[in-house]
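> For reference, the sequence and a predicted model appear below.
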Amino acid sequence: DQQVKQNSPSLSVQEGRISILNCDYTNSMFDYFLWYKKYPAEGPTFLISISSIKDKNEDGRFTVFLNKSAKHLSLHIVPSQPGDSAVYFCAASVRNAGNMLTFGGGTRLMVKP
Amino acid sequence: DTEVTQTPKHLVMGMTNKKSLKCEQHMGHRAMYWYKQKAKKPPELMFVYSYEKLSINESVPSRFSPECPNSSLLNLHLHALQPEDSALYLCASSQGQRDRYNSPLHFGNGTRLTVT
């Protein structure tokens, strides 16, 4: 049973527009959420995180929103750039439970020039 | 450039071979992890070391044997692997395993393993 799901395997966006990547989770114990970006032949790169005590965290062009009641989080990238084209994984963990990340299946983002 | 270094980048081995994957970090992190990633799948946790001691083994077969010689190094010894073990093996580190405020994992670029 997948505890973290990314229902969109791919997303195509025009350069300069907003990219919205979505993630749903089922385990209500999760209290720390992260987004990673992965280029081919590289490891995942940490982008941004959010604790369950917040509903929004912003870092430059990247903003993560958390809706605990809906068990849903999203990553907004604005403006999108061609270099943002990659696979994006959301991940979740339970604080004080070993920092073990459970990953979603990933969404491939393509930003067209 | 990643601050977690993995060697080799690529490895091809037969089912009777013994090989080792190596991982190194110099960020002062005290938790280190091995993940396995198959094509078009998310990374899956294999092992966690906290303060150089194995703290989590996610029911990984004994043909995979982790080792943490010191706080900066993590090895994964491989023996008698099967073709289905072919995957990208990722090492990661974090400040701690049970931080008061969870810290993100920093990943290396992985070792692409092919078992023939």
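Happy to help now that I have it. Being a predicted model, the structure only gives us computed values, none of them experimental.

> how about the strands of chain B, start to end?
Applying DSSP state E to chain B gives strands spanning B:4-7, B:10-13, B:18-25, B:31-37, B:44-50, B:53-57, B:64-70, B:73-79, B:87-94, B:106-107, B:111-115.

> so which of the ones you listed comes closest to chain A?
Smallest distance to chain A across those (C-beta to the nearest C-beta): 3.5 Å, for strand B:106-107. Every C-beta, even on glycine, is put in place using the N, C-alpha and C of the backbone.

> who does that closest one pair up with?
Next to strand B:106-107 in the sheet, as set by DSSP bridges, lie strand B:87-94 (antiparallel).

> The partner strand to strand B:44-50, inter-axis angle?
30 degrees (axes from the mean of the first three to the mean of the last three C-alpha atoms, to 10 degrees).

> Convert the C-alpha atoms of strand B:87-94 to PDB, please.
Backbone C-alpha positions of strand B:87-94 (Å, rounded to 0.1, in the frame of the first residue of the first chain) are rendered in PDB as follows:
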ATOM      1  CA  ALA B  87      19.500  -1.000  -9.700                       C
ATOM      2  CA  LEU B  88      20.800   2.400  -8.700                       C
ATOM      3  CA  TYR B  89      22.200   2.300  -5.200                       C
ATOM      4  CA  LEU B  90      22.000   5.600  -3.400                       C
ATOM      5  CA  CYS B  91      23.800   6.700  -0.300                       C
ATOM      6  CA  ALA B  92      22.500   9.500   1.800                       C
ATOM      7  CA  SER B  93      23.400  11.300   5.100                       C
ATOM      8  CA  SER B  94      21.700  13.600   7.500                       C
END
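
> So what touches it?
With contacts defined as C-beta atoms under 8 Å, 6 or more residues apart in numbering or on different chains, strand B:87-94 is touched by A:43-44, A:99, B:4, B:6, B:21, B:23, B:25, B:27, B:29, B:31-39, B:43, B:74, B:76, B:103-108, B:110-113.

> quick one: low-confidence parts of chain A?
Chain A contains residues with pLDDT under 70 at A:1, A:96-98.

> can you tell me which residues contact the spatially closest residue to residue A:84 that is not a sequence neighbour?
Leaving aside its chain neighbours, residue A:84 sits nearest to residue A:111 (5.1 Å; criterion: C-beta to C-beta, 6 or more residues apart in numbering or on different chains). Contact analysis of residue A:111 by C-beta under 8 Å, 6+ apart lists A:12-15, A:19, A:80-85.

> ok, of these, which come out buried?
Neighbour-count burial (16 or more other C-beta atoms under 10 Å in any protein chain shown) applied to these gives A:13, A:19, A:80, A:84-85.

> which one among those residues gets closest to chain B?
Among those, residue A:85 lies closest to chain B (C-beta to the nearest C-beta), at 16.5 Å.

> Determine the set of other helices and strands touching the lowest-mean-pLDDT helix or strand in chain B.
Between all helices and strands in chain B, the lowest mean by mean pLDDT, DSSP states H and E belongs to strand B:53-57, at a mean of 89. Other elements packing on strand B:53-57 under the criterion 3 or more C-beta pairs under 8 Å, 6 or more residues apart in numbering or on different chains; DSSP states H and E are strand B:44-50, strand B:64-70.

> what are the pairing partners of it, and which direction each?
strand B:44-50 (antiparallel).

> Give me every residue in chain A lying close to chain B.
A:32, A:34, A:36, A:41-46, A:49, A:51, A:89, A:93, A:95-96, A:98-101, A:103-106 (C-beta under 8 Å from any C-beta of the partner chain).
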